[in-house]
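> Give me a 3D structure for the following:
(one chain, ligands or ions: 2)
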Amino acid sequence: MELKKPLLEVRDFAVHFKQYGKGLHRKDIQVISNFTLDLYAGEILAIVGGSGSGKSLLAHAILGILPANAYTSGSIKYKGEELTPKKKEQLRGREISLIPQSISYLDPLMKTGHQIGSPLQNLKGTVKNIMKRFQLAELVEQKYPFQLSGGMARRVLIGTALSSGAQLIIADEPTPGLHKSMVDETLSSLKELANNGRGVLMITHDIDLAFIIADKIAVFNKGVSVEIADAKLFEASPDNVAHPYSKALWHALPQNGFHSIRGMDYGNYIDAVQHSGDGEA
Ligand SMILES: Nc1ncnc2c1ncn2[C@@H]1O[C@H](COP(=O)(O)OP(=O)(O)OP(=O)(O)O)[C@@H](O)[C@H]1O
Ligand code: NI
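Ligands and ions are numbered 1, 2, ... in the order given. Take a look at the predicted model:
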């Protein structure tokens, strides 16, 4: 039997920022540490975590678009090959495509119809189909990004990534502000991509979205992936996940009682649990 190789392999990955204060004083801020994951073709892996936990930076690291003051260590491989800065540039927008979190990623000087079509000019049918699916009426093709509403701009970004023909799609909070029908359309499009053998990395703070389509869920807290869980098992019961933060995320869901996780520090909380021998709060 042939052993399946991951599409994306991240090993002991870390991101930190060097910041210069007054004089020669230098601060080093670690924003992602010890991150390891495998994503296989045909799979959807969700990265779930709170605001500022490092999810977008992880996406930007894979694409090679981190800010200039960021430093990384560890390894990211795509189809078994180390992703060097040059390789990332070659693959970006072609083999690896991003649905960015911010709609400011649209090229302000390019009409939207061209942006959607530009990654694969020869797939005109696909572009039309995607325009139709995301209700981007023909007239949108003639508009510049500043003429679009927020929801429409977001749909253009989704359409651009879906029509790129990429093997690996990274969706960074793809659905905020969209109508439910468009959220459903986005999720089913991502699912179809995975069913067609693509790999999908979906970043979201909304664990319910992850439960709908993900195969695996990596739980992120303060730049550390506390665990990678099977999505269906995680959804079924907090007993199926190991980490207190993952359990707390489950209990915070409306259908599971809405227990607030605000103001809890799960770094300290873990210690407290271990020291007192107490169970879950
Ligand atoms: N250029 C930078 N210099 C220093 N720190 C930065 C820089 N860019 C981001 N950070 C910090 O890195 C951390 C992770 O940011 P990131 O945008 O990845 O979070 P996120 O999980 O995507 O959050 P959100 O859910 O709000 O999108 C944050 O604390 C942020 O302040
Ligand atoms: Ni983000």
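> And the spatially most central residue of the chain, what's its pLDDT?
For the chain, the residue nearest the mean C-alpha position is Ile203 (2.6 Å; Cα atoms, centre = their mean). Ile203 carries a pLDDT value of 97.
> what about the one helix or strand it maps to, near ligand 2?
Ile203 is located in strand 199-204, with elements delineated by DSSP states H and E. No. In terms of Cβ under 5 Å from the ion, no part of strand 199-204 sits within range of ligand 2; the closest distance is 6.6 Å. Every C-beta, even on glycine, is put in place using the N, C-alpha and C of the backbone.
> Which SSE is immediately downstream of that strand?
Next helix or strand after strand 199-204 toward the C-terminus (DSSP H and E): helix 207-213.
> rewinding a little: state the distance from the residue nearest to the centre of the chain to Lys232.
Taking Cβ to Cβ, to the nearest Å as the measure, Ile203 falls 20 Å from Lys232.
> wait, the residue nearest to the centre of the chain sits on Thr175?
No. The pair Ile203 / Thr175 is not scored as a contact, 11.1 Å apart, by Cβ atoms under 8 Å.
> Can you get me a residue count around the residue of the stretch 51-200 of the chain found nearest ligand 2?
Residue nearest to ligand 2 within the stretch 51-200 of the chain (Cβ to the ion): Ser56, separated by 3.0 Å. Neighbours of Ser56 under the rule other Cβ atoms under 10 Å: 18.
> Could you pull out the buried residues of the strand or helix carrying Met152?
Assigned by DSSP H and E, Met152 belongs to helix 150-162. Within helix 150-162, the residues that qualify as buried by neighbour count (16 or more other Cβ atoms under 10 Å) are Gly151, Met152, Ala153, Arg154, Arg155, Val156, Leu157, Ile158, Gly159, Thr160, Ala161, Leu162.
> Intersect those residues with the contacts of ligand 2.
The subset of the buried residues of helix 150-162 lying close to ligand 2, counting by Cβ under 5 Å from the ion, is empty.
> which of the residues in the helix or strand harbouring Asp12 are buried?
Using DSSP H and E, Asp12 falls within strand 8-20. Neighbour counts over strand 8-20 (16+ other Cβ under 10 Å) mark Leu8, Glu9, Val10, Phe13, Ala14, Val15, His16, Phe17 as buried.
> And stretch 39-57, by the same measure?
Neighbour counts over stretch 39-57 (16+ other Cβ under 10 Å) mark 39-50, 53-57 as buried.
> Which of the buried residues of strand 8-20 lies at the shortest distance from ligand 1?
Distance to ligand 1 across those (Cβ to the nearest ligand atom) is lowest for Phe17, with 3.9 Å.
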